[in-house]
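Visitor: sequence first, predicted coordinates after that:
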Amino acid sequence: MFGYQDRAFYCEDVSLSDIATAVGTPTYVYSRAAIVARARAYLTNLPPDGLACYALKANSNLQILRLLAEIGLGADVTSGGELYLARKAGFPTEKTIFSGVGKTDAEIRQALSYGLRALHVESAMELAVVGEIAAEMGVVAPVGVRMNPNIDAETHPYISTGLHKHKFGVPIDQGIALLQQAQEHAFLRPVSIASHIGSQIRSLNPYAEAAQLLSDVAQELKTAGISLNYIDIGGGWGLDYEAMNGGDGVTEIGRWLDEVKKPIDQAGFKFVAEPGRSIVGSAGCLLAQVVYTKQSAVKNFLITDAGMSDLIRPTLYQAYHPIVPLVCDTTAPEQVVDVVGPICESSDFLAKDRSLPQMERGDLLAVLNAGAYSFAMSSNYNGRLRPAEVLVNGSEWHIIRSRETFDVLH
């Protein structure tokens, strides 16, 4: 959905230079067609009674959420704020799952009052608290237990979540014991087991292992008299970040689902997944403008008006994002540069030692594959204002979040 047309860089049928001129920079731009194609890839390849719950943490812009709810996805939320957004966007409560390791009492009450599909608990103490609050409210709480399968997800350590050393979930034996406790509790109803082994995973093997393990555990529980409704395999399927449009996302989503749903189908349980990045990651880019060029004794720098407060992934995860000029000058010489921002940190960079056509003050560029965990992780550090967000639909576009003004800083 992103590419050059007559040397100008486009999103669908809109020149990104036109958007930058009209809206300013930094600005996030998303392709509606890309989001829809990847969301529908999940719906098309799910089992008949399967459910894909979009992980709001990846990108929680309300207009994008409304689009995904209309298409038919459910919601995976991890906070009271995300639950509020999911309801405002129109996700059905019966398709909404509340995950996360640190739910507050207020958030648990909020979830129980809405009648969600389930709360996925991640510790013995959390299960006990949910039971106490459910009893106070006089409602039966549907609960799942997030299992920690101790599987190496083969991803960046900061986004690997499935090993025993991580804070997420509980070991299998403890998870079985918690579901047995829930079965015996008057105000708890065990409905599922879940896992989420990490994010930006590009290998099918860890998922196949996790799916088989959860299926075996669910069968064991069934034999013991605990019949669960569904198995939640989580999300985390990654992008090819070096490819302009994140690789062949639609085909890869189909392959991923074929692999992970197989043992769950064979075991006779309903299937739930929690995709986020794989739907929105390649559908967005960050527009920026070159403010200055600079040469030190050992480095060439492009200093842009976008930095780690707008896109922290390169700083936090050493993540790679393709960067392209919005106007392709085939005569410009290549230059190895660090693309950096205006933040007062040496860690403020968008790319290091990147070969790009030589650019000048005022030139525009796009940082690609920035639809997930990008604006969602932005901040006001250094008193910076968070960018605008724009959604492109064919030859039309509109602002779906206005650029912040200084009023937000006090």
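Guide: All right, it came through fine.
Visitor: measure how buried Arg354 is and give me the count.
Guide: 17 (other CB atoms under 10 Å). Quick note: C-beta positions are derived from backbone N, CA and C, even for glycine.
Visitor: now the residue of the chain positioned farthest from its centre: phi and psi?
Guide: For the chain, the residue at maximal distance from the C-alpha centroid (CA atoms, centre = their mean) is Ala297, at 39.5 Å. Main-chain dihedrals, Ala297, degrees, to the nearest 10: phi -70, psi -30.
Visitor: repeat that for Ala55.
Guide: phi -80, psi 110.
Visitor: which residue sits closest to it, ignoring its sequence neighbours?
Guide: What sits nearest to Ala55 in space, not counting adjacent residues and going by CB to CB, 6 or more residues apart in numbering, is Gly276, at 3.2 Å.
Visitor: burial of the one you found, as a residue count?
Guide: Gly276: 23 neighbours (other CB under 10 Å).
Visitor: host element of Ala177?
Guide: helix 172-184 (DSSP states H and E).
Visitor: other residues contacting the helix or strand following that helix?
Guide: Note on helix 172-184: by DSSP H and E, the next helix or strand toward the C-terminus is strand 188-194. Under the contact criterion CB atoms under 8 Å, 6 or more residues apart in numbering, strand 188-194 has outside partners 99, 117-118, 120, 127, 130-131, 134, 140-147, 175, 179, 181-183, 214, 217-218, 221, 226, 228-234, 272.
Visitor: pLDDT on the following helix or strand past strand 188-194, on average?
Guide: Sequence-wise, the next helix or strand downstream of strand 188-194 (DSSP H and E) is helix 205-223. The average of the pLDDT scores along helix 205-223 is 92.
Visitor: do stretch 170-186 as well
Guide: The model assigns stretch 170-186 a mean pLDDT of 95.
Visitor: buried residues in that stretch?
Guide: 170, 172, 175-176, 178-179, 181-182, 185 (16 or more other CB atoms under 10 Å).
Visitor: skipping adjacent residues, who's closest to Ser378 in space?
Guide: Arg386 (4.9 Å).
Visitor: phi, psi of the one you found?
Guide: Per degrees, to the nearest 10, the backbone of Arg386 is at phi -70, psi 150.
Visitor: thought it was touching Glu404?
Guide: Yes: contact criterion CB atoms under 8 Å: Arg386 and Glu404 qualify, at 4.8 Å.
Visitor: intersection of neighbour lists for the two?
Guide: Asn380.
Visitor: and the two? Which one has more around it.
Guide: Arg386 (18 against 15).
Visitor: next one: that one from Arg66, what distance?
Guide: Look at Arg386 and Arg66: by CB to CB, to the nearest Å, they are 20 Å apart.
Visitor: okay, now the unreliable bits of this protein?
Guide: Low-confidence segments of the chain, defined by pLDDT under 70: 150-168.
Visitor: quick one, what contacts the residue nearest to the spatial centre of it?
Guide: Of all residues in the chain, the one closest to the mean position by CA atoms, centre = their mean is Ala58, 2.5 Å from it. The neighbours of Ala58, taking CB under 8 Å, 6+ apart as the test, are 276-277, 279-281, 371-373, 376.
Visitor: quick one, phi/psi of it?
Guide: The phi/psi pair for Ala58 (degrees, to the nearest 10) is phi -70, psi -40.
Visitor: cool, and Ile343?
Guide: Taking degrees, to the nearest 10 as the convention, Ile343 sits at phi -80, psi 150.
Visitor: pretty sure it contacts Ala306?
Guide: No: using CB under 8 Å, Ile343 makes no contact with Ala306, being 9.9 Å away.
Visitor: the more surrounded of the two?
Guide: The neighbour comparison of Ile343 against Ala306 (other CB under 10 Å) goes to Ala306, with 29 against 20.
Visitor: quick one, what contacts the more buried one?
Guide: Contacts of Ala306 (CB under 8 Å, 6+ apart): 25-26, 286-288, 341, 350, 367, 387.
Visitor: in JSON lines, list those along with distance to Arg313, secondary structure and neighbour count.
Guide: Below are these laid out as JSON lines (distance: CB to CB, whole Å; DSSP: H, G, I helix; E, B strand; the rest coil; neighbours: other CB atoms under 10 Å):
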{"residue": "Thr25", "distance to Arg313": "18", "secondary structure": "coil", "neighbour count": "23"}
{"residue": "Pro26", "distance to Arg313": "14", "secondary structure": "coil", "neighbour count": "27"}
{"residue": "Leu286", "distance to Arg313": "10", "secondary structure": "strand", "neighbour count": "27"}
{"residue": "Leu287", "distance to Arg313": "16", "secondary structure": "strand", "neighbour count": "29"}
{"residue": "Ala288", "distance to Arg313": "14", "secondary structure": "strand", "neighbour count": "28"}
{"residue": "Gly341", "distance to Arg313": "13", "secondary structure": "coil", "neighbour count": "26"}
{"residue": "Leu350", "distance to Arg313": "9", "secondary structure": "strand", "neighbour count": "27"}
{"residue": "Val367", "distance to Arg313": "10", "secondary structure": "strand", "neighbour count": "26"}
{"residue": "Pro387", "distance to Arg313": "14", "secondary structure": "coil", "neighbour count": "28"}
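Visitor: mind putting the residues you listed into a markdown table with distance to Asn45?
Guide: Converted to a markdown table, those look like this (distance: CB to CB, whole Å):
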| residue | distance to Asn45 |
| --- | --- |
| Thr25 | 37 |
| Pro26 | 35 |
| Leu286 | 30 |
| Leu287 | 33 |
| Ala288 | 36 |
| Gly341 | 39 |
| Leu350 | 34 |
| Val367 | 30 |
| Pro387 | 33 |
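Visitor: between those, which is nearest Glu259?
Guide: Val367 (31.0 Å; CB to CB).
Visitor: which one is the closest one nearest to, not counting chain neighbours?
Guide: Going by CB to CB, 6+ apart, Val367 has Leu286 as its nearest residue, at 4.3 Å.
Visitor: now do the contacts for the one you found.
Guide: 26-29, 306, 310-311, 366-367, 370, 374, 387.
Visitor: what residue spans form the domains of this structure?
Guide: 2-29+282-409, 32-280 (automatic domain parsing).
Visitor: of the ones you listed, which stretch is the most buried?
Guide: domain 32-280 (a mean of 20; mean count of other CB atoms under 10 Å).
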